[in-house]
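1. below: sequence and its predicted model.
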Amino acid sequence: MSLVPVHTLKRLTTALACLACTFFILAGLAIIPQLGIEGDETLFAAGIYPPRGELYAMRIGHSHVPLMLMTYVGALKSWLYTPILSTFGTGPYTLRIPVLLIGAVSVWVFFLLLRRTAGDLAALIGCGLLAVDSMYLVTICFDWGPVALQHLLIASGALYIVRFFQERQPRWLFWGFFLLGLAMWDKALAVWLLSGMGIATLLTFPRQVLGAITRRNVGIAVLAFILGALPLLAYNSKHHWVTFRGNFHRDTTLIAAKATFLMNTAGGPGLFGWMTSEDFQTPDPHSPDGWSQSASARISAIARHPRQHLLLYGFCLALVLLPLVRGLALRIVVFSLIAMAVAWIQMAITANTGASVHHTILLWPFPELVIAVSFASAARRLGRAGIPAVAVLVLIMMVSGALVINEYYAVMVRNGGSQGWNSAIFPLSRYLKDVPSTRIVCMDWGIMEPLQFLNQGALPLAWADDAVAKQELTDTDRRHLLDLISTPGFVFLAHTRKYEVFPGRSPNLVKFAESSGYRREMLKVVDDGFGRDFFEVYRFVHGSGGG
């Protein structure tokens, strides 16, 4: 029997969980300014600033209230950010601190959920491992998925539903299903995990579910979920349920590759080289500046530049230890495994999903949940040495996670961002504020949304005519393109050839202009400070000559 009073242990556990959340926030604050802004990261700005690009909106008076940004992405994030940006302005910190805080709260909610279901030891293990999970931190901090609200809403909804089953108070049932409905509106891909959790609940807790089924409880749950998902349902009721009919196309050809993405997400290396640039891609790497960057570089060198943490190995060990898990703890682990399996199978067999970290991370924090419950159960059954042994093991895993987070920070400082995350977007934005123009035509993907966000809709941005992507032009196409290049005041903005997302659009327009008696006049080539020229700003003038 422990000689430490229970209430003292509770306070200590709570303090350590707070410390883990604090680490999560501090690590996020360190990496926030290191990368440029990616197009999907600012997708929500289309529901706030002109040129407005929401898919579906509701008119209230003279205002358009955005409801849906894409067929499966709602405008909840636009609603959340509107007062934040109007108060604090736009920039990398106002873009990323809110989702970082949302992520920290989700870590705390996960702690509370585990404490209620599996006890203090499991809660502390799970919270600690989640707080140092590099993939969880980076995907939330640079929320291009978007995933931050998904994690918080689903974890909070689960917490309230668990509380309902424990206390039988209908208000917890209402808030739980309301938050799950909000998760569906935020991003309809929440259906993967919600369906997985639903099936897992029926298979592992059938008696509890059947005991709670009454006409009143079912009515509360259905009403709450509908209220949370109401904008999504309103949109679909007017558009033939396109969210559910138009976004599923079966494709099983890439299951093996998607399994690799899942492993890379669990192991930690999934965003090196995709979000960050590598040494061989960086002509002018930066040296550490200041004590924090210098310390990070030294730690990286001493640790031999780790890119793999131990979460995946811990998960495998947790499965090996399952014979030591009994009762409710075993059912929790089985519930988690079923929920993850059902969710992952859906993304694995659906075209254009599952082959990216921002999809696979939606399975989190279930890996940490399995590890936490299994390790805590094993520690209690292994006798006096059990808890110290598990504590050492978890501490080693946490150190490995923190070292990978540090490696992301060190690589970001040294090499900057990759194609989609390059920091050239910031000098480009400053330059365009002083360029006289009646329209700034964006020739490639990933340019317009960050500029729209950074300038709060003040720039006259427009997307290039789709004719620029065609090899064979119709007469109508030629007229459109001729109007585009001949209109005074039009400025064109493109990626340099090496960094084009959709290759050929800008060169096609230049070639057409030259064949029509115009030449390109380069106004500015914008680099990212690491020796890479990412953007070119130009216009067309009538007359011969190169450009």
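-> That came in fine, so what should we check first? These numbers were taken from a predicted model, which means no experiment stands behind them.

2. could you pull out the strands in the stretch 1-150 of the chain for me?
-> In the stretch 1-150 of the chain, the strands defined using DSSP state E, counting those that start in this stretch lie at 56-60, 63-70, 73-74.

3. for the longest one, which helices and strands make contact with it?
-> Using 3 or more Cβ pairs under 8 Å, 6 or more residues apart in numbering; DSSP states H and E as the contact criterion, the elements in contact with strand 63-70 are strand 56-60, helix 76-88, helix 230-238. Bear in mind the C-beta positions are built from the backbone N, C-alpha and C, glycine included.

4. what segments of the stretch 401-547 of the chain are strands?
-> Secondary structure of the stretch 401-547 of the chain (DSSP E, counting those that start in this stretch): strands at 439-442, 461-463, 490-495, 518-527, 533-542.

5. any idea which of these gets closest to R298?
-> Put simply, out of the strands of the stretch 401-547 of the chain the one that sits nearest R298 is strand 518-527, at 28.4 Å, with distance taken as Cβ to Cβ.

6. averaged pLDDT, stretch 338-354. What do you get?
-> The predicted model gives stretch 338-354 an average pLDDT of 94.

7. who's in contact with that stretch?
-> Residues from elsewhere that reach stretch 338-354, judged by Cβ atoms under 8 Å, 6 or more residues apart in numbering: 189, 191-193, 195-197, 199-200, 203-204, 248-252, 254-255, 258-259, 261-262, 359-360, 362-363, 366-367.

8. check the residues you listed for burial and list the buried ones.
-> The neighbour-count criterion (16 or more other Cβ atoms under 10 Å) marks 189, 191-193, 196-197, 199-200, 204, 254, 258, 261-262, 359-360, 362-363, 366-367 among those as buried.

9. which residues touch F502?
-> Shown here is F502, whose contacts under the criterion Cβ under 8 Å, 6+ apart are 444-445, 469.

10. again with V468
-> By Cβ under 8 Å, 6+ apart, V468 lies in contact with 443, 481, 505-506, 508-509, 512.

11. domains of the protein?
-> 6-419, 422-542 (automatic domain parsing).

12. most packed of those domains?
-> domain 6-419 (a mean of 19; mean count of other Cβ atoms under 10 Å).

13. I'd like the helices and strands packed on strand 63-70 laid out as JSON lines, including mean pLDDT and distance to V392.
-> What follows is the helices and strands packed on strand 63-70, written out as JSON lines (pLDDT from 0 to 100; distance: least, Cβ to Cβ, whole Å):
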{"stretch": "strand 56-60", "mean pLDDT": "87", "distance to V392": "53"}
{"stretch": "helix 76-88", "mean pLDDT": "96", "distance to V392": "41"}
{"stretch": "helix 230-238", "mean pLDDT": "95", "distance to V392": "47"}
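
14. let's have the ones you listed in TSV, adding distance to V373.
-> Below are the helices and strands packed on strand 63-70 laid out as TSV (distance: least, Cβ to Cβ, whole Å):
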stretch	distance to V373
strand 56-60	41
helix 76-88	31
helix 230-238	33
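
15. and the ones you listed: which comes nearest T474?
-> T474 sits nearest to strand 56-60 of all the helices and strands packed on strand 63-70, at 31.1 Å, using Cβ to Cβ.

16. the helices in the stretch 151-300 of the chain, which residues?
-> In the stretch 151-300 of the chain, the segments counted as helices under DSSP state H, counting those that start in this stretch are 170-186, 190-204, 206-212, 215-228, 230-238, 242-245, 255-267, 291-302.

17. out of the strands of the stretch 401-547 of the chain, flag the one nearest P269.
-> strand 533-542 (24.6 Å).

18. circling back: I332: which of the helices of the stretch 151-300 of the chain is closest?
-> For the helices of the stretch 151-300 of the chain, proximity to I332 was assessed by Cβ to Cβ; helix 190-204 is nearest, at 8.0 Å.

19. from V218, how far out is V334?
-> V334 is 25 Å from V218, where distance means Cβ to Cβ, to the nearest Å.

20. if you skip the residues just before and after it, what's nearest to Y93?
-> Of all residues not flanking Y93 in the chain, I32 sits nearest, at 6.1 Å (Cβ to Cβ, 6 or more residues apart in numbering).

21. quick check, the one you found in contact with P98.
-> No: using Cβ atoms under 8 Å as the test, I32 is too far from P98 to be in contact (11.1 Å).

22. roughly how far out does the longest helix along the chain sit from the chain middle?
-> Looking across the chain with DSSP state H, the single longest helix is helix 386-415. Computed by Cα atoms, centre = their mean, to the nearest Å, the separation of helix 386-415 from the middle of its chain amounts to 21 Å.

23. other SSEs contacting it?
-> For helix 386-415, the packing partners by 3+ Cβ pairs under 8 Å, 6+ apart come out as helix 6-31, helix 120-131, helix 134-141, helix 291-302, helix 311-320, helix 366-381.

24. export those to CSV and append columns for mean pLDDT and distance to M412.
-> Output for the helices and strands packed on helix 386-415, formatted as CSV (pLDDT from 0 to 100; distance: least, Cβ to Cβ, whole Å):
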stretch, mean pLDDT, distance to M412
helix 6-31, 93, 6
helix 120-131, 97, 19
helix 134-141, 98, 10
helix 291-302, 96, 10
helix 311-320, 97, 21
helix 366-381, 96, 24
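
25. could you dump the ones you listed to a markdown table with distance to Y518?
-> Output for those, formatted as a markdown table (distance: least, Cβ to Cβ, whole Å):
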| stretch | distance to Y518 |
| --- | --- |
| helix 6-31 | 44 |
| helix 120-131 | 56 |
| helix 134-141 | 44 |
| helix 291-302 | 47 |
| helix 311-320 | 56 |
| helix 366-381 | 56 |
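
26. how about the ones you listed, which one is nearest A464?
-> Closest approach to A464 among the helices and strands packed on helix 386-415 (Cβ to Cβ): helix 134-141, 30.2 Å.

27. quick one: contacts of the closest one?
-> Residues from elsewhere that reach helix 134-141, judged by Cβ under 8 Å, 6+ apart: 24, 27-28, 31-32, 96, 99-100, 102-103, 106, 130, 145, 147-148, 151, 265-266, 268, 270-271, 275, 309, 357-358, 361, 364-365, 401, 404-405, 408.

28. recalculate using a threshold of 7 Å.
-> 24, 27-28, 31-32, 96, 99-100, 103, 130, 145, 147-148, 151, 265, 268, 270-271, 309, 357-358, 361, 364, 401, 404-405, 408 (Cβ atoms under 7 Å, 6 or more residues apart in numbering).

29. how about low-confidence regions in the chain?
-> Scanning the chain with the threshold set as pLDDT under 70 gives 1-6, 544-547.

30. try 50
-> Low-confidence segments of the chain (pLDDT under 50): 1, 546-547.

31. quick one: the nearest residue to M197 once chain neighbours are set aside from L369, how far?
-> Sequence neighbours aside, A339 is the residue nearest to M197 in space, at 4.8 Å (criterion: Cβ to Cβ, 6+ apart). Relative to L369, A339 is positioned 9 Å away (Cβ to Cβ).

32. relative to L101, how far out is R497?
-> Applying Cβ to Cβ, the value for R497 to L101 is 40 Å.

33. residues in contact with L461?
-> 51, 440, 442, 448, 451-452.

34. should've said G145
-> G145 sits next to 139, 358 when contact means Cβ under 7 Å, 6+ apart.

35. separation between it and A17?
-> Here the criterion is Cβ to Cβ. By it, G145 lies 25 Å from A17.

36. look up how far Y49 lies from T90.
-> 9 Å.

37. before we move on, what about A75?
-> Computed with Cβ to Cβ, the distance linking A75 and Y49 is 13 Å.

38. next: S515.
-> From S515 over to Y49 (counting by Cβ to Cβ), the distance is 36 Å.

39. check C316 too.
-> Using Cβ to Cβ, we find C316 at a distance of 47 Å from Y49.

40. now do A379
-> Taking Cβ to Cβ as the measure, A379 falls 52 Å from Y49.

41. R59 too?
-> For R59 relative to Y49 (Cβ to Cβ), the value is 18 Å.
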